[in-house]
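Asks: pasting the sequence and the predicted coordinates here, then a few questions.
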Amino acid sequence: MIKTTITALALLATLAATPATGHEEKTGSFTISHPWARATASSQTAGAVFMEIHNHGDTDDRLVGAASPDAERVEIHGHLRDGDVMRMRRVDGIEVPAGGTAVLAPGGFHVMLMGLKSPLFEDTLTELTLTFEKAGDIEIEVVVEAAGATGASSATGKMDHGSGPMKSR
Amino acid sequence: MNRKLHIGIVLLVVAVFGFGAWLNFHGDEPAESTPVAGMVVNVGIGGPFELTDHTGARFSSESFAGNYALVYFGYTFCPDICPTELGQMAIAIDELGDDGARVSPVMITIDPKRDTPEVLSEYVPLFHERLIGLTGSEEEIRAVATRYRVFYQRFDDPNYTEYLMDHSSFVYLIGPDGTIAAMFRYGTPPEEMASTIRQHMKAQS
């Protein structure tokens, strides 16, 4: 089981050094690129986390689950588009083929945080554990962006973190 | 209802289904923009409504008269599609500069059970300081959604404790006369929304 934690310091250093690609962590055969979430209101009980998962290894794998200390339940969701109707559904897993990338992005897949224990505040970090079928658990930290963001700010060229992310808890 | 109006509605339905089929065909590119942007809609869809706003006060669409509104039907438990669209609407309005003041951003919930005025009052300021959140009774929401041809349906999964809502995702531009001036499909870039709004403003002045 691989366990890696990105520290806030490393994150900031990476943000400053490589604004074009955002923060990412390489662990074993996986690189998780700029994981981000949307800020939520205190009345909201659900949030979404997005990222890109690169599998540099020789073995196909699957993201099969996730956990967060900030949420009662975490599921992997995707959207079925039926014409202009959006049907969000839980999925059993997301394939991450050997040498391939799984993209979790608005309108597609996301990690859904349900039963948020506290709101996700913009410019903070939240922890997330990703569970892969073969690689096991990978711990990452997720940057909380604006509620209406459509991408990680560092990935879209918007650099307004100011004094930098703070832990939300 | 006269014959022309009937034909208009049939054409609209055909157009919507046609674009649906087109989307399914291109279904692997979810962020794709928008063949419908700025689509002119002059048949009998839309119209005035009265609901309850996020402060708990009754709100009439008459208050937009002479100006514009960008209206989205969504729900706050929606973590992805709705925040995306509300964020894009906010960018479009900011993009308009001073003219943006003539456009009211509005979210009408299709989940009034969860989205009370209190819930909406905490949610709407996250997106735009002028965003108006509207809710109402199940019947009121059903009536408005039906007139705007918004599809929504509760989805319960035995594995969930929370229900989800399936819904069509369009942003409507309401013009100074209270009718729908344009519809924007999910994924329309805010620049495109802004330029369509600008064209409508120019045509009116």
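Replies: Thanks, I have it.
Asks: any idea which helix or strand carries the closest residue to chain B within chain A?
Replies: Of all residues in chain A, A:Gly148 sits closest to chain B, at 2.1 Å by Cβ to the nearest Cβ. C-betas here are computed from N, CA, C, even on glycine. Using DSSP states H and E, A:Gly148 falls within no helix or strand.
Asks: I'd guessed it sits against B:Gly87; true?
Replies: Yes - between A:Gly148 and B:Gly87 there is a contact under Cβ atoms under 8 Å: 2.1 Å.
Asks: anything in contact with each of these two?
Replies: Common neighbours of A:Gly148 and B:Gly87, using Cβ atoms under 8 Å, 6 or more residues apart in numbering or on different chains, are B:Phe127.
Asks: against chain A, how distant is B:Leu51?
Replies: According to Cβ to the nearest Cβ, to the nearest Å, B:Leu51 stands 18 Å off from chain A.
Asks: correct me, but that residue touches B:Ala143?
Replies: No - using Cβ under 8 Å as the test, B:Leu51 is too far from B:Ala143 to be in contact (9.8 Å).
Asks: which residues in the chain form strands?
Replies: Just so you know, I chose chain A. Applying DSSP state E to chain A gives strands spanning A:24-27, A:30-38, A:46-55, A:61-67, A:71-82, A:85-90, A:94-96, A:101-104, A:110-116, A:124-132, A:136-145, A:166-167.
Asks: let's do chain B instead
Replies: Secondary structure of chain B by DSSP E: the strands cover B:50-53, B:58-60, B:68-74, B:103-109, B:132-135, B:152-155, B:164-168, B:170-174, B:180-185.
Asks: show me what contacts the residue nearest to A:Ala41 when sequence neighbours are not counted?
Replies: Using Cβ to Cβ, 6 or more residues apart in numbering or on different chains and skipping the chain neighbours, the partner closest in space to A:Ala41 is B:Glu122 (4.0 Å). By Cβ under 8 Å, 6+ apart, the contact set of B:Glu122 is A:41-44.
Asks: okay, A:Glu25: pLDDT?
Replies: According to the prediction, A:Glu25 has pLDDT 69.
Asks: who has more neighbours, B:Leu51 and B:Ala143?
Replies: Higher neighbour count among B:Leu51 and B:Ala143: B:Leu51, with 22 against 14, using other Cβ atoms under 10 Å in any protein chain shown.
Asks: turn the strands of chain B into CSV, columns for mean pLDDT.
Replies: CSV is the format used below for the strands of chain B (pLDDT from 0 to 100):
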stretch, mean pLDDT
strand B:50-53, 98
strand B:58-60, 97
strand B:68-74, 96
strand B:103-109, 97
strand B:132-135, 98
strand B:152-155, 91
strand B:164-168, 89
strand B:170-174, 95
strand B:180-185, 94
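Asks: so which of the ones you listed gets nearest A:Val91?
Replies: Shortest distance between A:Val91 and the strands of chain B, using Cβ to Cβ, is found for strand B:164-168: 13.0 Å.
Asks: and the strands of chain A as JSON lines, adding mean neighbour count and distance to chain B?
Replies: Shown next, in JSON lines, are the strands of chain A (neighbours: other Cβ atoms under 10 Å in any protein chain shown; distance: least, Cβ to the nearest Cβ, whole Å):
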{"stretch": "strand A:24-27", "mean neighbour count": "17", "distance to chain B": "21"}
{"stretch": "strand A:30-38", "mean neighbour count": "23", "distance to chain B": "5"}
{"stretch": "strand A:46-55", "mean neighbour count": "23", "distance to chain B": "4"}
{"stretch": "strand A:61-67", "mean neighbour count": "19", "distance to chain B": "13"}
{"stretch": "strand A:71-82", "mean neighbour count": "18", "distance to chain B": "6"}
{"stretch": "strand A:85-90", "mean neighbour count": "17", "distance to chain B": "4"}
{"stretch": "strand A:94-96", "mean neighbour count": "18", "distance to chain B": "14"}
{"stretch": "strand A:101-104", "mean neighbour count": "17", "distance to chain B": "10"}
{"stretch": "strand A:110-116", "mean neighbour count": "22", "distance to chain B": "5"}
{"stretch": "strand A:124-132", "mean neighbour count": "22", "distance to chain B": "13"}
{"stretch": "strand A:136-145", "mean neighbour count": "22", "distance to chain B": "10"}
{"stretch": "strand A:166-167", "mean neighbour count": "11", "distance to chain B": "18"}
